[in-house]
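In: What would the 3D arrangement of this be:
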Amino acid sequence: VVLVESGGGLVQPGGSLRLSCTASGNIFYVNGMAWYRQRPGKERESIAVATASGPTHYDDSVKGRFTISMDNAKHTAYLQMNDLKSEDTATYYCKGLGVRTVGDDYGDDYWGEGTLVTVSS
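Out: The predicted structure is shown next:
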């Protein structure tokens, strides 16, 4: 199973970006997908989680500005980021939760390699 993020880049404060993350590799089912970020000098932190059944959860630092969504058929998650601030500068990682491949009854979690978001004027 491989997860690939895209959509990072340089954006001015107040701007928007949309990150994508697609899981591939003979996948049967994805229970959920999450976005984490690691800011310079900080530990990796969870910022948004979406489940295949619908419920989402956000860290307070991004609530009201970021929106996570999942396309179950495409095994893809999106993170719409609005009103970006300099403190949002980080490497953003996608994590597939409970990913089941064909023949796998239990599932596992997988990480992407990350995409860099820089918010600067």
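In: Starting from residue 74, give me the distance back to the residue of the chain most remote from its centre.
Out: What lies farthest from the middle of the chain is residue 103; by Cα atoms, centre = their mean that is 25.9 Å. As judged by Cβ to Cβ, to the nearest Å, residue 103 and residue 74 stand 21 Å apart. C-beta here means a position set from N, CA and C on the backbone, and glycine is covered the same way.
In: Which strand or helix spans the most centrally placed residue in the chain?
Out: Residue closest to the mean C-alpha point of the chain, counted by Cα atoms, centre = their mean, is residue 35 at 2.9 Å. Using DSSP states H and E, residue 35 sits within strand 27-38.
In: So which bits of that strand are buried?
Out: 27, 30, 32, 33, 34, 35, 36, 37 (16 or more other Cβ atoms under 10 Å).
In: hang on, the earlier thing: which residues touch the residue nearest to the centre of the chain?
Out: Residues near residue 35 by Cβ atoms under 8 Å, 6 or more residues apart in numbering: 19, 21, 46-49, 66, 68, 77, 79, 92-95.
In: ok, what's across the strand from it?
Out: Here residue 35 sits in beta bridges with residue 48, residue 94, going by DSSP bridges.
In: So it versus residue 105, what's the distance?
Out: The value you get for residue 35 to residue 105, if Cβ to Cβ is used, is 27 Å.
In: residues contacting the residue nearest to the residue farthest from the centre of the chain when sequence neighbours are not counted?
Out: In space, and not counting its chain neighbours, residue 103 is closest to residue 28: 7.9 Å by Cβ to Cβ, 6 or more residues apart in numbering. Contacts of residue 28 were listed using Cβ under 8 Å, 6+ apart, and they are 100, 101, 102, 103, 104.
In: and the helix or strand the first one falls within, which residues are buried?
Out: Same thing as residue 100. Residue 100 belongs to strand 90-101 when elements are defined using DSSP H and E. Buried residues in strand 90-101, counted by 16+ other Cβ under 10 Å: 90, 91, 92, 93, 94, 95, 96, 97, 98, 99, 100.
In: likewise stretch 41-59?
Out: Counting neighbours by 16+ other Cβ under 10 Å, stretch 41-59 gives 47, 48, 49, 50, 51, 58 as buried.
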